[in-house]
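> Fold the following and give me the result.
(chains A, B and C)
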Amino acid sequence: MASGRTYIWKRGISVSESIELEIFRYCPEKDAEPLFKSYQVPFREDWVVLDAINYIKDELDGTLSYRWSCRMGVCGSCGMMVNGEPKLTCSAFLRDYSSGKIRVEPLQGFPVLRDLVFQMDDFINKLTEVKPYILRNENGEKQVEEGEYLQSPAQLAKYKQYTLCINCMLCYSACPIYALDSEFVGPAAIALAQRYNMDSRDQGRKQRQEVIAGHEGIWQCTFVGECSVVCPKNVDPAAAIQRAKVSSTMDFFKGIITLGSKE
Amino acid sequence: MEVELAQSKEPVIWMLFSAGGMISAMVFPVLLLITGFLLPFEIAGDGTFERIHVALKHPLIKLILFFVISLPFFHWAHRFRFTLVDIGLKHVSLMITVCCYGGAILGSILTIIVLWNI
Amino acid sequence: MKTYQIPVSNTWWLKKKSYFFFVIREMTSLFVAGYCLFLLVFISKAAESQQAYTELLVSLKSPVSILLHLIFLAFILYHAITWFNLTPKIMVLHIGEEKIPDGLIAVSIYIGWLAVSLIILWIIFGG
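You can find the predicted model right below:
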């Protein structure tokens, strides 16, 4: 009861206030260059940036384009630059931006299609390239009658963190290496490759190495670390990449040691 | 082919970079304290010349010094190469790569010469 | 389909504090290489003769040398601390099936750092 009353009280005082949203607008049919448009939106204590954008779409300017779906930090489609930081707009509260003005842009590092919508083909291709699913060797697949692939809690713990990725692309947006050279495989795809490489049921590491240990893979990363800072799910892709470097280096030295014995 | 090249070349460079980074982080701060302050101002007593002079002739000390100086050169080469590319010199990245690792190799040769002539 | 690519300027690293400190971290390598060269000079003078060594020590007392040493010390300490703090992210060690916590690895590295420093001080001044 008490908390309900607080809520009403907070709404009561906040209705009269408003906040300015400066939105990146780009219309491919009309504009050669993007521009910023300002909108006055009511300030509500419990509103997130996505609520404010929905308000603009519904009440002020129906032409605004953007992506969103679940508004609870799971679908990963509402990522945008909020005051220069990659954020899930469904988790970025207006009340945390006290400056009175919020600038919203499409996630940086990707080609812009329209307003806040960017092209994600490159990321999708990279995701497909690292084969983010369990791979078994030829004839390595168990028959149904043989039962499940068992896994201990300790084996699960080795990769569980990397399964939390929601493909929101905030990490790509925070990565200066990707911004400078989009050939770089990038944080989320490598973290997902690592997720399956570390899975005790998987046998596909060698296939994935072709992509992630090549010239545009892990060796391009200089450990800026921002991908892990912006990740809303604490996947820590930066650590995944460094660990992939360690294991690729160990592969190489193991290769040298065993080369003689193979002959 | 290209993947194989990356898989064989990059791990070696990365190992040298990491080893050099670890060694320089571990020993350079205390060495700076010694060469910059403790020795010139005789804070920890004088008469260190004999001790250092004799120690430098020991083959084990020479070997350690070789790694302590040459590996950090490779650490520099690797970091500096990527930083220059990242801050906008991508168009000359091959030249940067050659200069940086070449510089580290020269530095290591110089280290061998200095230690050899003691 | 027509798209707009937001250009990336070469000064991207000046636009965000964390990017700036990343570039500073990488640039500490210049000081690392510079100090390697100084060590070579120091070694050759100390191996040469008492006179050459004493002359070097006198020049090390100059204000320029003190200032340079302080600058180098600042950057190399920044390198050391960032390096040690990132190491637990790279090294994943297990005791049996239990992962050793990052904090414990970091603490051991700092203890190792102290030990190495003391050993070097002992080699040069001890006994």
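
> so is residue C:7 in a helix, a strand, or just coil?
With DSSP: H, G, I helix; E, B strand; the rest coil as the basis, residue C:7 sits in coil.

> what's the burial count for it?
Using other C-beta atoms under 10 Å in any protein chain shown, residue C:7 has 6 other residues around it. Backbone N, C-alpha and C define where each C-beta goes, glycine included.

> Residue C:70 now?
For residue C:70, the count of nearby residues is 12 (other C-beta under 10 Å).

> Leaving out the residues flanking it, which one is nearest to it?
residue B:36 (7.6 Å; C-beta to C-beta, 6 or more residues apart in numbering or on different chains).

> Verify the stated contact: that neighbour with residue C:67.
No: the criterion here is C-beta atoms under 8 Å, and residue B:36 misses it with residue C:67 at 10.0 Å.

> Specify which residue of the two has the higher count of neighbours.
Remark: of residue B:36 and residue C:67, residue B:36 carries more neighbours, 21 against 11, as counted by other C-beta under 10 Å.

> any idea which element residue A:103 lies in?
Following DSSP states H and E, one finds residue A:103 within strand A:101-106.

> State the mean pLDDT of that strand.
Averaged across strand A:101-106, the pLDDT comes to 96.

> Next: stretch A:30-45.
Rounded mean pLDDT across stretch A:30-45 is 94.

> do the top helix by length along chain A and chain C meet?
Scanning chain A for the helix with the most residues, using DSSP state H, yields helix A:237-262. Yes: remark: helix A:237-262 sits within contact range of chain C at A:238-239, A:242-243, A:245-246, by C-beta under 8 Å from any C-beta of the partner chain.

> Same question for stretch A:168-181.
Yes: residues of stretch A:168-181 are located near chain C by C-beta under 8 Å from any C-beta, namely A:176, A:179-180.

> Just list whatever residues bridge to residue A:114.
Beta-bridge partners recorded for residue A:114 (DSSP bridges): residue A:117.

> Just give the number of residues close to it.
21.

> Quickly note the distance from it to chain B.
30 Å (C-beta to the nearest C-beta, to the nearest Å).

> okay, the residue of the stretch 1-150 of chain A found nearest chain C: pLDDT?
Nearest residue of the stretch 1-150 of chain A to chain C: residue A:111, at 3.6 Å (C-beta to the nearest C-beta). pLDDT, residue A:111: 96.

> What of the one 3 residues further on?
Looking at residue A:114, its pLDDT reads 97.

> re the thing from before, what about the longest helix of chain A and chain B, any contact?
Yes: Helix A:237-262 is in contact with chain B by C-beta under 8 Å from any C-beta, via A:245, A:248-249, A:251-253.

> Emit the ChimeraX select command for whichever of these are buried.
A single ChimeraX command selects the buried members of the residues of helix A:237-262 next to chain B (16 or more other C-beta atoms under 10 Å in any protein chain shown):
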select /A:245,248,249,251,252
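
> The closest residue to residue A:92 other than its chain neighbours: what's it in contact with?
Nearest residue to residue A:92 in three dimensions, chain neighbours excluded: residue A:49, at 4.6 Å (C-beta to C-beta, 6+ apart). Residues near residue A:49 by C-beta atoms under 8 Å, 6 or more residues apart in numbering or on different chains: A:21, A:80, A:82, A:87, A:89-90, A:92-94, A:102, A:104.

> Now which of those would you call buried?
Neighbour counting over these (16+ other C-beta under 10 Å) leaves A:21, A:80, A:82, A:87, A:89-90, A:92, A:94, A:102, A:104 as the buried ones.

> Pipe the residues you listed into CSV and attach distance to residue C:110 and secondary structure per row.
What follows is the buried ones among the contacts of residue A:49, written out as CSV (distance: C-beta to C-beta, whole Å; DSSP: H, G, I helix; E, B strand; the rest coil):
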residue, distance to residue C:110, secondary structure
A:21, 46, strand
A:80, 40, strand
A:82, 37, strand
A:87, 34, strand
A:89, 40, coil
A:90, 40, coil
A:92, 36, coil
A:94, 42, helix
A:102, 41, strand
A:104, 42, strand
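
> Tell me the one of those residues nearest residue A:72?
Set against residue A:72, the nearest of the buried ones among the contacts of residue A:49 by C-beta to C-beta is residue A:90 (6.6 Å).

> Residue C:2 contacts residue A:26, correct?
No: using C-beta under 8 Å, residue C:2 makes no contact with residue A:26, being 10.0 Å away.

> okay, now the domains of chain C?
Domain assignment of chain C by automatic domain parsing yields the ranges C:12-75, C:91-127.

> in chain A, which spans are helices?
Counting by DSSP H, the helices of chain A are A:2-14, A:49-55, A:121-129, A:153-157, A:160-163, A:170-174, A:176-180, A:187-197, A:205-212, A:226-230, A:237-262.

> what residue lies at the spatial centre of chain B?
Nearest residue to the geometric centre of chain B (C-alpha atoms, centre = their mean): residue B:72, 2.5 Å.

> Surely that one and residue B:23 touch.
Yes: the pair residue B:72 / residue B:23 is scored as a contact, 6.1 Å apart, by C-beta under 8 Å.

> What's the local residue count around the closest residue to residue A:78 other than its chain neighbours?
Spatial nearest neighbour of residue A:78, excluding adjacent residues (C-beta to C-beta, 6+ apart): residue A:68 at 4.1 Å. Using other C-beta under 10 Å, residue A:68 has 18 neighbouring residues.

> cool, and residue C:72?
Should you count by other C-beta under 10 Å, residue C:72 turns out to have 22 residues around it.

> how close does it get to chain B?
Residue C:72 is 6 Å from chain B, by C-beta to the nearest C-beta.

> Apart from its neighbours in sequence, what residue is nearest residue A:34?
residue A:26 (3.9 Å).

> Could you give the number of residues near residue A:17?
11.

> residues contacting it?
Per C-beta under 8 Å, 6+ apart, neighbours of residue A:17: A:42-43.

> Near chain B, which residues of the stretch 101-250 of chain A are found?
Applying C-beta under 8 Å from any C-beta, we find that the stretch 101-250 of chain A lies next to chain B at A:176-177, A:180-181, A:209-210, A:213-215, A:217, A:219, A:222, A:245, A:248-249.

> so where is chain C shaky, pLDDT-wise?
C:127 (pLDDT under 70).

> actually chain B, sorry about that
In chain B (pLDDT under 70), the answer is B:1-7.

> longest helix anywhere in it?
Identified as the longest helix of chain B according to DSSP H is helix B:2-33.

> quick one: residue C:83 from residue C:35, how far?
15 Å (C-beta to C-beta, to the nearest Å).

> With neighbour numbers in mind, choose between the two.
residue C:35 (26 against 19).
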